[in-house]
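Peer 1: For reference, the sequence and a predicted model appear below.
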Amino acid sequence: KGDSLKEGYVSELWDFTYISVTQNSLQDVKEIWGQWDDEIKQLFYCHYGDLPYLLDINMDEHLFRALAQYWNTVHSCFTFEKVDLVPTMEEYTTLLCCTRIQVNKPYSRATNILTFLKKLTSITRMSEQWVAAWIEQKETSRDIH
């Protein structure tokens, strides 16, 4: 039901399909982190923010399995029927029970600022000068703590 195969047709695809899934061991990642000295850890923090704090989180597997079925990979949000939901950093930190993550830190960075600038300009329909000034203001205010 719901596919395009004729009734009674038996697919031979299973005979040719091989799926391999690998997952990094969290324990291995924790051991690698533990071997690094403070200088390397600080460099990592500079590039990736508070990401290492996620190593200390006890994840609720059932919660994430439940949420995963609603994750929309195309739009990077959760979709519940016709409602799209994008949790805030505060909501993510609450779900993860991780109070050490600082909300005002970037967890991803635009690798190509010009491409990012053009996308932001087209989305906001503002001038490139306005968007560039806004980004500059955000960068400046982020550095003041």
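Peer 2: Thanks, I have it.
Peer 1: Which parts of the chain are helices?
Peer 2: 26-35, 38-48, 61-68, 89-95, 113-124, 128-143 (DSSP state H).
Peer 1: Quick one: mean pLDDT over the last one.
Peer 2: Confidence over helix 128-143 (mean pLDDT, whole number) is 67.
Peer 1: what's the answer for stretch 67-78, then?
Peer 2: Averaging pLDDT along stretch 67-78 yields 77.
Peer 1: Could you pull out the buried residues of it?
Peer 2: F78 (16 or more other Cβ atoms under 10 Å). (Each C-beta comes from the backbone N, C-alpha and C, glycine too.)
Peer 1: for this structure, which spans come out with low pLDDT?
Peer 2: 1-5, 13-23, 88-117, 119-121, 123-124, 135, 137-145 (pLDDT under 70).
Peer 1: 80 - rerun?
Peer 2: 1-25, 48-51, 53-54, 56-61, 63-65, 67-68, 71-78, 84-128, 130-145 (pLDDT under 80).
Peer 1: Keeping just the C-alphas, turn stretch 60-70 into PDB.
Peer 2: Extracted in PDB, the C-alpha atoms of stretch 60-70 (Å, rounded to 0.1, in the frame of the first residue of the first chain):
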ATOM      1  CA  ASP A  60      17.400  11.000  27.200                       C
ATOM      2  CA  GLU A  61      17.400   8.500  24.400                       C
ATOM      3  CA  HIS A  62      13.600   8.000  24.400                       C
ATOM      4  CA  LEU A  63      13.100  11.800  24.100                       C
ATOM      5  CA  PHE A  64      15.400  12.000  21.100                       C
ATOM      6  CA  ARG A  65      13.900   9.000  19.500                       C
ATOM      7  CA  ALA A  66      10.500  10.500  19.800                       C
ATOM      8  CA  LEU A  67      11.600  13.900  18.500                       C
ATOM      9  CA  ALA A  68      13.700  12.400  15.600                       C
ATOM     10  CA  GLN A  69      10.600  11.200  13.800                       C
ATOM     11  CA  TYR A  70       9.400  14.800  13.500                       C
END
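Peer 1: Use 747 as the first number from now on
Peer 2: Let's use 747 as the start, then, which means that last one is stretch 806-816.
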